[in-house]
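1. the amino acid sequence is not available; the structure is as follows:
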């Protein structure tokens with residue numbers, strides 16, 4: 001019972017402190033609060049896209065992950081064939097990315113990566129799409145949130161951070177994934 005009273009009192013104190021920040025004020029509380037560092041690049045080879053049809057949540061397309069290579073801080077290796085990016089394009093043109101695949105390090109460790117995010121054309125991209133023109137990277141926003149599952153050992157640090165990812169088209173059947181660890185003060 002004493003613990004519950006302490007937690008309640010701490011909660012009231014925290015709410016009072018938060019109320020002192022006004023909703024109409026937006027300012028950094030600490031300089032350099034967020035920074036990032038490139039920690040991995042993954043060259044993902046894709047198989048032929050598989051049209052899964054339209055559903056209640058949008059038009060689903062699978063981009064099979066058939067191989068590739070990667071390099072990162074203290075590691076390198078291959079992309080294990082058999083993964084998938086089961087993307088869903090909404091009616092408004094925004095695509096939800098949902099990729100799940102595995103990496104195999106040169107020393108034999110398996111790292112599972114789940115990379116979810118958003119691809120969204122900007123106004124210029126929408127205009128190009130309407131005309132049937134190809135889009136460039138300036139025509140859309142694309143960011144992901146990679147997360148990792150590892151075995152204990154050399155690569156366990158991958159499970160201890162938050163990451164932001166980028167996706168760059170290399171060719172019709174290959175993309176380059178950039179993985180940035182989010183750090184800061």
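-> Arrived safely. All figures in this text were calculated on a predicted structure; none of them were measured in a lab.
2. can you show me the helices along this structure?
-> 2-19, 123-130 (DSSP state H).
3. among those helices, where is the model least confident on average?
-> Within those, confidence is poorest for helix 2-19, with a mean of 52 (mean pLDDT).
4. nearest spatial neighbour of residue 72, skipping sequence neighbours?
-> Of all residues not flanking residue 72 in the chain, residue 40 sits nearest, at 3.5 Å (CB to CB, 6 or more residues apart in numbering). All C-beta atoms are positioned from the backbone trio N, CA, C, and that covers glycine.
5. pLDDT score for the one you found?
-> Reported pLDDT for residue 40: 98.
6. quick check, it in contact with residue 69.
-> No: between residue 40 and residue 69 there is no contact under CB atoms under 8 Å: 11.4 Å.
7. neighbour count winner among those two?
-> Per other CB atoms under 10 Å, whichever of residue 40 and residue 69 has more neighbours is residue 40, with 23 against 14.
8. please name the residues that touch that one.
-> 70, 71, 72, 73, 75, 177, 178, 179 (CB atoms under 8 Å, 6 or more residues apart in numbering).
9. pretty sure the fourth one sits against residue 39.
-> In other words, residue 73. Yes: using CB under 8 Å, residue 73 is in contact with residue 39, at 4.9 Å.
10. more neighbours: which of the two?
-> residue 39 (18 against 13).
11. so who does that one touch?
-> 72, 73, 163, 179, 180, 181.
12. generate a ChimeraX selection restricted to the buried subset of those.
-> Per 16 or more other CB atoms under 10 Å, the buried members of the contacts of residue 39 correspond to this ChimeraX selection:
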select :72,163,179,180,181
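13. name the residues of stretch 62-70 that come out as buried.
-> 62, 63, 64, 65, 66, 67, 68, 70.
14. identify the residues contacting that stretch?
-> 40-50, 52, 76-87, 99, 101, 103, 174.
15. which among these count as buried?
-> Buried among these (16+ other CB under 10 Å): 40-46, 77, 79-80, 83-87, 99, 101, 103.
16. quick check: the nearest residue in space to residue 163 that is not next to it in sequence vs residue 72, distance?
-> For residue 163, ignoring the flanking residues on the chain, the nearest one in space by CB to CB, 6+ apart is residue 146 at 4.6 Å. Look at residue 146 and residue 72: by CB to CB, to the nearest Å, they are 11 Å apart.
17. and for those two, which residues touch both?
-> residue 179.
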